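Asker: Structure for the following, please:
(chains A, B, C and D)
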Protein chains: 2
Amino acid sequence: MSTQSEKHAVLSERLKSCDVRPTPQREVVLKVILEKRDHPTADEIFARVKAQMPTISLATVYNCLETLVGCGIVRQVNLERAPTRYCPNLHEHAHFHDEQSGKIHDVDLPAEIMTRLREVLPPGFQASSIELNFRGSAKPATS
Amino acid sequence: MSTQSEKHAVLSERLKSCDVRPTPQREVVLKVILEKRDHPTADEIFARVKAQMPTISLATVYNCLETLVGCGIVRQVNLERAPTRYCPNLHEHAHFHDEQSGKIHDVDLPAEIMTRLREVLPPGFQASSIELNFRGSAKPATS
DNA sequence: GTAAGAATTAGAATAATTCTAAATAGATGC
DNA sequence: GCATCTATTTAGAATTATTCTAATTCTTAC
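Answerer: Okay, here's the model as predicted:
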């Protein structure tokens, strides 16, 4: 089990390794995103962060998120013009949007599929990123 | 070559076949989308439609688009929370977003890939639709 | 021809996000 | 250690795509 200050150090290092100044605001925003990986929106993150740092402003949350996304620590998830959601899973993965529950699930992608996907592009097209979203219903097999 | 009234009849039939009343507004919106398939936004569609029907309102364009999307005649394309774009290509296809030019290209998807994609889902997950977006740069081979 | 329902319209409202300008904090050079 | 310079945070205003509202106009059915 890790202490409060150990956790803090991990967050801080994570930020420094990206040449980002580890401000208290950035750390708490990152902490909240890592803690509950349910693809929260900026508003949800704001609410969770305020519980720990009541004086933080929404603009700062947006600023921090922009920074974290910019340095690749978190990823934006955009589905159908709904509010942007944030995801700390850095593996190449797809998203499954359960229409019943509204929940978003991460779906791991075999490397082989990604290669295959790039092959469907016509000559001259070079993909720097691929976004894959499923929509449907998920029956919890176990849970 | 088809006459004006023949074109009109085609549009009208297309709408009727979906149990949608073929109003002049819906026809002109559909016409504009079919005519120039460059994935226009609602604003761009509004501008193009106004050239032919200056009294139409933006709200009506949105209403018509909603109707056309609802009955499956056109498809929405959402990339990164940018304004929604509209696409009359009904084949199962992906989109390639050229970051240089901002243009969106349709990419045909072999049925085999789609099957393969459904297979990556864990048991219990049933996808009703799959959205696939590429981002990168496209060098025009011919053009 | 009239009543009922559907579609259109202009403009107001909404909501997520970005911008602005001022205040604060932190780092750097001396 | 202190002044300065830059980066960050903040509150609130601004922006913008889209949706809503309520009134009007069209269609359709009888």
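Asker: any idea which helix or strand carries A:Leu121?
Answerer: Using DSSP states H and E, A:Leu121 sits in no helix or strand.
Asker: can you give me phi and psi for it?
Answerer: phi -70, psi 140 (degrees, to the nearest 10).
Asker: Run a quick neighbour tally on it.
Answerer: Residues near A:Leu121, counting by other CB atoms under 10 Å in any protein chain shown, number 18. Where C-beta positions appear, they are placed from N, C-alpha and C, glycine not excepted.
Asker: and what of the one 5 residues further on?
Answerer: Per other CB under 10 Å, the neighbour tally for A:Gln126 reads 14.
Asker: Starting from B:Gln100, give me the distance back to it.
Answerer: Between A:Gln126 and B:Gln100 the computed distance is 11 Å (CB to CB, to the nearest Å).
Asker: between the two, what contacts are shared?
Answerer: Shared contacts of A:Gln126 and B:Gln100 (CB atoms under 8 Å, 6 or more residues apart in numbering or on different chains): B:137-138.
Asker: Pull the number of nearby residues for the closest residue to A:Gln76 other than its chain neighbours.
Answerer: Excluding the flanking residues, the one nearest A:Gln76 by CB to CB, 6 or more residues apart in numbering or on different chains is A:Thr84, at 5.2 Å. Counted with other CB under 10 Å, residues neighbouring A:Thr84 total 17.
Asker: wait, doesn't A:Thr84 sit right on A:Asn78?
Answerer: Yes - with contact defined as CB atoms under 8 Å, A:Thr84 reaches A:Asn78; the gap is 5.5 Å.
Asker: Need the residues touching each of these two.
Answerer: Joint contacts of A:Thr84 and A:Asn78 (CB under 8 Å, 6+ apart) are B:Arg81.
Asker: Flag every residue of chain A that's near DNA strand C.
Answerer: Neighbours of DNA strand C within chain A, by CB under 7 Å from any atom of the strand: A:21, A:23-24, A:41-43, A:58-59, A:62, A:66, A:83-84.
Asker: Could you tell me the angle between the helix or strand containing A:Phe134 and strand B:125-138?
Answerer: Using DSSP H and E, A:Phe134 sits in strand A:125-138. Angle, strand A:125-138 to strand B:125-138, by axes from the mean of the first three to the mean of the last three CA atoms, to 10 degrees: 160 degrees.
Asker: Show the contacting residues for the residue nearest the centre of chain A.
Answerer: Here the mean C-alpha position of chain A is nearest to the C-alpha of A:Cys87 (CA atoms, centre = their mean), at a distance of 1.3 Å. Taking CB under 8 Å, 6+ apart as the criterion, A:Cys87 is in contact with A:37, A:39, A:74-77, A:95, A:106.
Asker: Strands of chain A, start to end?
Answerer: For chain A, strands defined by DSSP state E occupy the ranges A:75-77, A:85-87, A:93-98, A:104-108, A:125-138.
Asker: Show me what the first one is packed against.
Answerer: This points to strand A:75-77. In terms of contacts (3 or more CB pairs under 8 Å, 6 or more residues apart in numbering or on different chains; DSSP states H and E), strand A:75-77 is packed against strand A:85-87.
Asker: show me the contacts for A:Asp106.
Answerer: With CB under 8 Å, 6+ apart, A:Asp106 has these contacts: A:87, A:89, A:93-96.
Asker: What is the nearest of the residues you listed to DNA strand C?
Answerer: A:Cys87 (13.2 Å; CB to the nearest atom of the strand).
Asker: For DNA strand C, see how far away the closest residue to that closest one other than its chain neighbours is.
Answerer: Nearest residue to A:Cys87, sequence neighbours excluded (CB to CB, 6+ apart): A:Arg75, at 4.8 Å. Counting by CB to the nearest atom of the strand, to the nearest Å, the gap from A:Arg75 to DNA strand C is 13 Å.
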